[in-house]
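*Asks:* Fold the stuff below for me.
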Amino acid sequence: MTTINFESDSDSSSSSDNDLSLTKQSMHDPLKDFLLNTEGCSGVSLIVSSMVSAAKCSLEGLPSGRCYIRRDREKRHDQIVNDYFKGENSKYTPQLFRRRFRMNIELFTQILQDVENYDSYFRQKIDAVGNIGLSPLQKMVAAIRMLAYGCPADLLDEYIQIGETTSIESLKHF
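*Replies:* Residues are numbered from 1 along each chain as shown. Below is the predicted model:
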């Protein structure tokens, strides 16, 4: 529990007469006590412990603080193509594309070709392990969505299968 004491010394004429002193007293946290209590609810501690262990990711061979998330990039590229770029067979109409990307499909594809020719970052590459990287389409969709909607970079991971750092990098190169 934290208490605040206002101490005023009426005999003193210094500027510290009305100092605010913050005193911290130790008190048990009821949630912490509940989770650590082994009487009658030892299962809770076990569940919390297993959840924390499951949430940790393997960091072997990766820079400190990063974990590898397996993303099905090829499948997501195909999904974006099927959603918008199959002409009459697209899942969504050109009007919906225009509303979502703030431009028509023809302009988008022209910009994609120009950006891909201008900056090698937007070309699809194969990494050192042999995995196929993100397609130029995925990188540009990420950049355009962030610009059009002002959405955070980590929001794009679910649909485009692109990490937060890569989304930001795509926007910088765009």
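*Asks:* list the buried ones in the host helix or strand of Lys139?
*Replies:* Lys139 is located in helix 136-149, with elements delineated by DSSP states H and E. Using 16 or more other CB atoms under 10 Å as the test for burial, helix 136-149 gives 136-146. To be clear about C-beta, it is placed using only N, CA and C from the backbone, and glycine gets the same treatment.
*Asks:* Leaving out sequence neighbours, find the closest residue to Asn82.
*Replies:* Nearest residue to Asn82, sequence neighbours excluded (CB to CB, 6 or more residues apart in numbering): Lys91, at 5.9 Å.
*Asks:* what's the neighbour count on Gln79?
*Replies:* 15 (other CB atoms under 10 Å).
*Asks:* Shouldn't it be within a helix?
*Replies:* Yes. Residue assignment for Gln79, taken from DSSP: H, G, I helix; E, B strand; the rest coil, places it within a helix.
*Asks:* Show the pLDDT at it.
*Replies:* pLDDT for Gln79: 87.
*Asks:* ok, now the one 4 residues further on?
*Replies:* Looking at Asp83, its pLDDT is 89.
*Asks:* Quick check: it touching Lys91?
*Replies:* Yes. Asp83 lies in contact with Lys91 (CB atoms under 8 Å); the separation is 4.7 Å.
*Asks:* Who has more neighbours out of those two?
*Replies:* Set Asp83 next to Lys91 and count neighbours by other CB under 10 Å: Asp83 wins out with 16 against 10.
*Asks:* Neighbours of Val81, how many?
*Replies:* Applying other CB under 10 Å, I find that Val81 has 13 neighbouring residues.
*Asks:* Could you do Glu169 as well?
*Replies:* 17.
*Asks:* Quick check: closest non-adjacent residue to it.
*Replies:* Tyr121 (7.5 Å).
*Asks:* Quick check: that neighbour touching Phe174?
*Replies:* No. Taking contacts as CB under 8 Å, Tyr121 lies outside contact range of Phe174: 9.0 Å.
*Asks:* which residues are common contacts for these two?
*Replies:* Lys139 (CB atoms under 8 Å, 6 or more residues apart in numbering).
*Asks:* Need the three-state assignment for Phe97.
*Replies:* Applying three-state DSSP: Phe97 is helix.
*Asks:* just to revisit the earlier point, just checking, what packs against the helix or strand that comes right after the helix holding Lys139?
*Replies:* Beyond helix 136-149 on the C-terminal side, the first helix or strand identified by DSSP H and E is helix 157-160. With contacts taken as 3 or more CB pairs under 8 Å, 6 or more residues apart in numbering; DSSP states H and E, helix 157-160 sits against helix 73-84, helix 136-149, helix 164-173.
*Asks:* That's all I had, so thanks and see you.
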